[in-house]
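S.K.: Predicted model and sequence below, questions to follow.
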Amino acid sequence: MESLKGTIQRYVFYNESNGYSVIKLEEGETIIGNLPPLNKGDTVEFFGSWVTHKFYGVQFKAERVQKIQPTTTEGIVKYLSHTLKGVNVKLAKRIVKIFGDKTLDIIKENPSRLLQVEGIGHKKLESIITSWKASEAVHESLLFLTEHGIGNVRALKIYELYGENTVALLTENPYRLIYDVEGIGFKIADSLALSLGFDEHHPFRISAWVIYFLREFASQGNVFVPKKLLFEEALRTLNYSLEDSPAIISALVGKKEIIEFEDRLYLSDLYYAERGIERFILALIKTGKGFINLGNDVSRRLSNLFSEEQFEGIKSALTNKVTIITGGPGTGKTTTVRGIIDIYKDNGKTVLLAAPTGRAAKRMNELIGMEAKTIHRLLEFSPFDFSFFYNEQNKLKADLIVVDEVSMIDTFLMYHLFAAIGKNTSVVLVGDSNQLPSVGPGNILHDLIRSKIVPVVEFTQIFRQAESSGIVKLAHAIKNGSTINFKEETFPDVVFIEKENPDVLTPLITELVANRIPNKFDYDPFEDIQVLSPMYKSKAGVDELNRSLQNALNKNAPSEKITKFKTGDKVMQLRNDYEKNVFNGDIGYVEKILPNEKKVIVRFDLKKVAYKFEELDDLTLAYAITVHKSQGSEYPCVVMPLTFYHRIMLKRKLIYTAVTRTRELLILIGSKKALDFAAANAAEEKRYSSLFAPEFINENFDPENSNEI
């Protein structure tokens, strides 16, 4: 790195949230970068490189900064007047006149001597000492962090939490960052620890790694880690034998950070969530049968109106406290749910509808014809203390709750849902067990069906009105692992364009979405067409497709302040933001970019949401999205590339999920061999979950108090 020394003249711009600064030096240079807060008059050395901005010319982009204590009389006067509360230039000159170049040492080591200076009494002295300590603490802490490889943005976040205790706390145990600071994981804390000289086999390090590994494993959909797998990974990654050093695991168990059960290790909250789901469902089942007993006349009438499978689904929902209805597209799940709801309403019962995402709830509303809420809205989630208004102590008031897209629900959300369901409520869980499981930990629908604890009605009959649909026909062929012959079979609403060269996929998809499909089928390329891809990276991946589609569909000029988005862009929220009331997977449109206010306004349906510039990492372009992100949605037209560049993701459940997201027109582009490979590939990533595992539901097992969630 190059270095540049100078004295701070003024701040042109400073962003408190991430430390982004534009600083003018007395020497004339302009400094930019994410930096710790500095004071006017500070003499500093910046480390970084020179860059040229197309509007602002040559600037020094600083990666790191080091404060230089001023030595000249003029420099010390400037420093004091800018740094110490209540010290103006006149008073600073009087201080320096008495103590000279020893001034800063006096303030630091023997500040009571300042009482010798005219105009400084005990109250003023106290103010000077306080502001000096605060200034020294922030600089000492931020320099400590940056010198040990922590970037300025994270350093500011850490100092905001620990304050003047930053250096002491992190010198004692840098791994506390993993628990205390959002967005800091094992790798960052470990880098700091090793830089501080911590031994690679220090108990703090090994314990932190165990928690990190369990969290990472949970982020991949798992509820527990087999001990053997953990031990192997610790040996490979850390060169450390946990098997021969059981004290580490025992200490974590003793602190209730993890739960050890037989040959498994759980994060405590996940263990209690799984056991809680079991407890709530078993308690509900034990309350007895459902509300409505069908007489012979009603049964005969219903059996004439519905298929045998549908009638079984209705009967189960009326006579059991919990029922699962599962099946592929075109098998009549929606018709059956409508029938169940009508009977409940005809008998004066109250009904609530819910789904895991906003898009799934909206679709449920459209199909059923009554209000459906997200599970978070149904339970009245509070973003201020991360609690649910409806919970184990305050149950939902309803006779029937119908929950759609159950395959998307993870362990935590299912726990909170069933915690809020009272003994007088019946539950119908609707989902397609052939779709991808939840992004979060658990395999809820699969485990419930496997357990046989809850009655399951599976729909397999495709109805006549759906038989003519090529989309439905293709989905079931994929589900069955069949080879699809587009030349011999008729798929009226499916178009397969065979292109073996992956280099042509992105330009061809862009041309189709921007021009050919809208011109032929009158689809809006923003509202009606959704491009799905199995992966973010690689050829015809989400990232490449988004860049190409943005250029083709959005001719608005980019903003001078941000280059990531343009006005009019189609975007997607990447994480749940309860304060903004937008959730992972929600799709909206950039309505305004406000450079002066440093905000972007995004419209989600009828709601407008403001994002600060530093919050834009929560958004991504959504002209193309992954199949995983499409779960719970349905689009008039879906376009999807198929290439062996995505081989690792070409699995039956993924392709099946993509096909079943389509309502009217499906266009597949790429290799026929890739499609056949995916349809034949029934392999699933192993998910380690244990909901209703036999060892947890024998009559002697105590599931403990799941209120610890």
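M.R.: Arrived safely, thanks for sending. Numbering: from 1, shown residues only.
S.K.: all contacts plus neighbour counts: C-alpha atoms, from now on.
M.R.: OK.
S.K.: show me where pLDDT drops low in the stretch 301-450 of the chain?
M.R.: Applying pLDDT under 70 to the stretch 301-450 of the chain flags no residue at all.
S.K.: do the stretch 601-709 of the chain as well
M.R.: 698-709.
S.K.: residue boundaries of the helices in it?
M.R.: Remark: helices assigned in the stretch 601-709 of the chain by DSSP state H, counting those that start in this stretch are 627-630, 652-659, 672-680, 694-697.
S.K.: Ok, the stretch 1-150 of the chain next?
M.R.: Counting by DSSP H, counting those that start in this stretch, the segments of the stretch 1-150 of the chain that form helices are 73-83, 89-99, 103-109, 122-147.
S.K.: on that earlier part again, could you export the helices of the stretch 601-709 of the chain as CSV, including distance to residue 341 and mean neighbour count?
M.R.: Below are those laid out as CSV (distance: least, CA to CA, whole Å; neighbours: other CA atoms under 10 Å):
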stretch, distance to residue 341, mean neighbour count
helix 627-630, 27, 20
helix 652-659, 27, 24
helix 672-680, 36, 21
helix 694-697, 31, 14
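S.K.: Can you say which of these is nearest to residue 228?
M.R.: helix 694-697 (19.3 Å; CA to CA).
S.K.: Output that closest one in CSV with nothing but the alpha carbons.
M.R.: Extracted C-alpha coordinates of helix 694-697, given in CSV (Å, rounded to 0.1, in the frame of the first residue of the first chain):
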residue,chain,number,x,y,z
PRO,A,694,-38.9,-43.1,17.5
GLU,A,695,-36.4,-42.4,20.4
PHE,A,696,-38.2,-39.1,21.0
ILE,A,697,-41.8,-40.3,21.2
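S.K.: now that helix: how far from the chain's centre is it?
M.R.: Distance of helix 694-697 from the chain centroid (CA atoms, centre = their mean, to the nearest Å) equals 32 Å.
S.K.: circling back to that earlier point, any chance of the helices of the stretch 601-709 of the chain in JSON lines with distance to residue 403 as columns?
M.R.: Output for those, formatted as JSON lines (distance: least, CA to CA, whole Å):
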{"stretch": "helix 627-630", "distance to residue 403": "18"}
{"stretch": "helix 652-659", "distance to residue 403": "19"}
{"stretch": "helix 672-680", "distance to residue 403": "29"}
{"stretch": "helix 694-697", "distance to residue 403": "24"}
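S.K.: Of all the ones you listed, which one comes closest to residue 245?
M.R.: Closest approach to residue 245 among these (CA to CA): helix 694-697, 27.3 Å.
S.K.: quick one: which of the helices of the stretch 1-150 of the chain is nearest residue 661?
M.R.: The minimum distance between residue 661 and these falls on helix 122-147, with 47.2 Å, by CA to CA.
S.K.: Show me what that closest one is packed up against.
M.R.: strand 57-68, helix 73-83, helix 103-109, helix 152-162, helix 166-172 (3 or more CA pairs under 8 Å, 6 or more residues apart in numbering; DSSP states H and E).
S.K.: Just want the most central residue of the protein.
M.R.: The centroid of the chain falls nearest to residue 575 when counting by CA atoms, centre = their mean (3.7 Å).
S.K.: show me the contacts for that one.
M.R.: Counting by CA atoms under 8 Å, 6 or more residues apart in numbering, residue 575 touches 583-585, 618.
S.K.: what do you get for residue 405?
M.R.: 355-356, 360, 430-432, 632.
S.K.: could you flag which of those residues are buried?
M.R.: Buried by 16 or more other CA atoms under 10 Å: 355-356, 360, 430-432, 632, out of the contacts of residue 405.
S.K.: I'd like the helices and strands packed on helix 122-147 laid out as CSV, including mean pLDDT and distance to residue 251.
M.R.: CSV is the format used below for these (pLDDT from 0 to 100; distance: least, CA to CA, whole Å):
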stretch, mean pLDDT, distance to residue 251
strand 57-68, 86, 39
helix 73-83, 80, 46
helix 103-109, 85, 42
helix 152-162, 78, 26
helix 166-172, 90, 19
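S.K.: quick revisit: of all the helices of the stretch 601-709 of the chain, which one is nearest residue 251?
M.R.: Ranking the helices of the stretch 601-709 of the chain by proximity to residue 251 (CA to CA) places helix 694-697 first, at 24.3 Å.
S.K.: quick one: which of the helices of the stretch 601-709 of the chain is nearest residue 22?
M.R.: Closest approach to residue 22 among the helices of the stretch 601-709 of the chain (CA to CA): helix 627-630, 37.8 Å.
S.K.: Let's see the closest one as CSV, backbone CA atoms only.
M.R.: Below are the C-alpha coordinates for helix 627-630, written out as CSV (Å, rounded to 0.1, in the frame of the first residue of the first chain):
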residue,chain,number,x,y,z
VAL,A,627,-35.5,-22.0,-8.0
HIS,A,628,-35.1,-22.0,-4.2
LYS,A,629,-36.2,-18.4,-4.0
SER,A,630,-39.3,-19.1,-6.2
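S.K.: quick one on the thing from earlier: so the residue nearest to the centre of the chain: helix, strand or coil?
M.R.: For residue 575, the assignment made with DSSP: H, G, I helix; E, B strand; the rest coil gives coil.
S.K.: Check what pLDDT it gets.
M.R.: Per-residue confidence (pLDDT) for residue 575: 83.
S.K.: Same question for residue 542.
M.R.: Reading off the confidence values, residue 542 has pLDDT 96.
S.K.: one step back: quick check: which of the helices of the stretch 1-150 of the chain is buried the most?
M.R.: Compared across the helices of the stretch 1-150 of the chain, helix 73-83 shows the largest average neighbour count, a mean of 21 (mean count of other CA atoms under 10 Å).
S.K.: For it, name the packing helices and strands.
M.R.: Under the contact criterion of 3+ CA pairs under 8 Å, 6+ apart, helix 73-83 touches helix 89-99, helix 122-147.
S.K.: about what we covered before: pipe the helices of the stretch 1-150 of the chain into CSV and attach distance to residue 678 per row.
M.R.: As requested, the helices of the stretch 1-150 of the chain are exported to CSV (distance: least, CA to CA, whole Å):
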stretch, distance to residue 678
helix 73-83, 65
helix 89-99, 75
helix 103-109, 69
helix 122-147, 47
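S.K.: Can you tell me which of those helices is nearest to residue 607?
M.R.: Comparing the helices of the stretch 1-150 of the chain by their distance to residue 607 (CA to CA), the top pick is helix 122-147, with 39.7 Å.
S.K.: Determine the angle, from 0 to 180 degrees, between the closest one and strand 57-68.
M.R.: Going by axes from the mean of the first three to the mean of the last three CA atoms, to 10 degrees, helix 122-147 is angled at 120 degrees with respect to strand 57-68.
S.K.: and helix 122-147, how far from the chain's centre?
M.R.: Offset of helix 122-147 from its chain centre (CA atoms, centre = their mean): 37 Å.
S.K.: Repeat that for stretch 538-553.
M.R.: 22 Å.
S.K.: now do stretch 662-680
M.R.: Averaged C-alpha coordinates place stretch 662-680 at 28 Å from its chain's average position (CA atoms, centre = their mean).
S.K.: Straight-line length of it, end to end?
M.R.: Distance between the two ends of stretch 662-680: 21 Å, counting by CA to CA, to the nearest Å.
S.K.: Repeat that for stretch 210-229.
M.R.: Taking CA to CA as the criterion, the two ends of stretch 210-229 lie 12 Å apart.
S.K.: same deal with stretch 459-467?
M.R.: Using CA to CA, the end-to-end distance of stretch 459-467 comes to 15 Å.
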